[in-house]
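sequence unavailable; structure follows:
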């Protein structure tokens, strides 16, 4: 009989990511966050008092709803306004 791949389930307590221990949810987020997308991570967890390891694929989080694509034509939408304000203020202090 084929063995089912291990999956994380609600209630599992994550203890390590790729062999590096984690103490809290922030540690899990950090360890997964520094890994490149498209890769995988070995997640060690406790379930029912037993240690298990599952492989997790690392993909980008879904965007719901998706962002609207915006094309910016200048380096910054505030560039011209910033320059006018800067020149006006510098002109006053120098004069």
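Here it is on my side, so go on. Worth saying up front: this structure is predicted, and the values here are computed from it rather than measured.

quick check: residue 69 vs residue 63, distance?
For residue 69, the distance to residue 63 (C-beta to C-beta, to the nearest Å) stands at 12 Å. Every C-beta, even on glycine, is put in place using the N, C-alpha and C of the backbone.

just residue 53 next, same as before
Look at residue 53 and residue 63: by C-beta to C-beta, they are 30 Å apart.

more crowded one of those two?
For residue 53 and residue 63, the more surrounded residue by other C-beta atoms under 10 Å is residue 53, and the numbers stand at 11 against 7.

who touches that one in this structure?
Listed by C-beta atoms under 8 Å, 6 or more residues apart in numbering, the contact set of residue 53 reads 6, 42, 43, 44, 45.

can you select the buried ones among those residues for me in ChimeraX?
In ChimeraX, this line selects whichever of those come out buried by 16 or more other C-beta atoms under 10 Å:
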select :43,44,45
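
export the contacts of residue 53 to a markdown table and tack on pLDDT and secondary structure?
Listed next are the contacts of residue 53 as a markdown table, based on pLDDT from 0 to 100; DSSP: H, G, I helix; E, B strand; the rest coil:
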| residue | pLDDT | secondary structure |
| --- | --- | --- |
| 6 | 75 | coil |
| 42 | 94 | strand |
| 43 | 95 | strand |
| 44 | 95 | strand |
| 45 | 94 | strand |
